[in-house]
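**Q** Would you be able to build a 3D model of this:
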Amino acid sequence: MPQSISQCTVLENPRTNNTIITAYFPNVDKNKIKLVNASGTNIPLLQVTDKGEYFEIRPKNPIPTGVYILRMENSF
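**A** Model (predicted):
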């Protein structure tokens, strides 16, 4: 069973760049990162890049202003 993540930081907040999300969180499988809007609809991702200490998450299309949820699972 996946364990919960104790801390995640998403920069910048609020977002001014609607094409790249930078997120810092430990022990996460990049293949299990999902972006969801406030209605629960999955936002298609073009690319998730592991940059070592953080991830760059690129939605397939620019996302409009709104509330979004990052869903992820630990890799252990």
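**Q** pLDDT below threshold where in the chain?
**A** 1-17, 74-76 (pLDDT under 70).
**Q** Now do the strands in the chain.
**A** Using DSSP state E, the strands of the chain run over residues 9-11, 21-24, 34-37, 42-43, 45-50, 55-59, 68-71.
**Q** Can you list the buried residues in the last one?
**A** Of all the residues in strand 68-71, those buried under the rule 16 or more other Cβ atoms under 10 Å are 68, 70. C-beta coordinates here come from the backbone N, C-alpha and C atoms, glycine included.
**Q** same for it, what does it pack against?
**A** strand 34-37 (3 or more Cβ pairs under 8 Å, 6 or more residues apart in numbering; DSSP states H and E).
**Q** The strand it packs on - which strands sit beside it in the sheet, and in what orientation?
**A** strand 42-43 (antiparallel), strand 68-71 (antiparallel) (DSSP bridges).
**Q** Not counting its own residues, what contacts the last one?
**A** In other words, strand 68-71. 8, 10, 21, 23, 33-38, 43, 57 (Cβ atoms under 8 Å, 6 or more residues apart in numbering).
**Q** Buried ones among the residues you listed?
**A** Buried among those (16+ other Cβ under 10 Å): 10, 21, 23, 33, 35, 57.
**Q** so which two of the residues you listed are the farthest from each other?
**A** Greatest spacing in those, by Cβ to Cβ: 10 and 33 (11.6 Å).
**Q** Please enumerate the shared neighbours of the two.
**A** Counting by Cβ under 8 Å, 6+ apart, the shared contacts of residue 10 and residue 33 are 23, 70.
**Q** Make JSON lines out of the buried ones among the contacts of strand 68-71 and add distance to residue 72.
**A** Shown next, in JSON lines, are the buried ones among the contacts of strand 68-71 (distance: Cβ to Cβ, whole Å):
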{"residue": "10", "distance to residue 72": "11"}
{"residue": "21", "distance to residue 72": "12"}
{"residue": "23", "distance to residue 72": "8"}
{"residue": "33", "distance to residue 72": "5"}
{"residue": "35", "distance to residue 72": "10"}
{"residue": "57", "distance to residue 72": "10"}
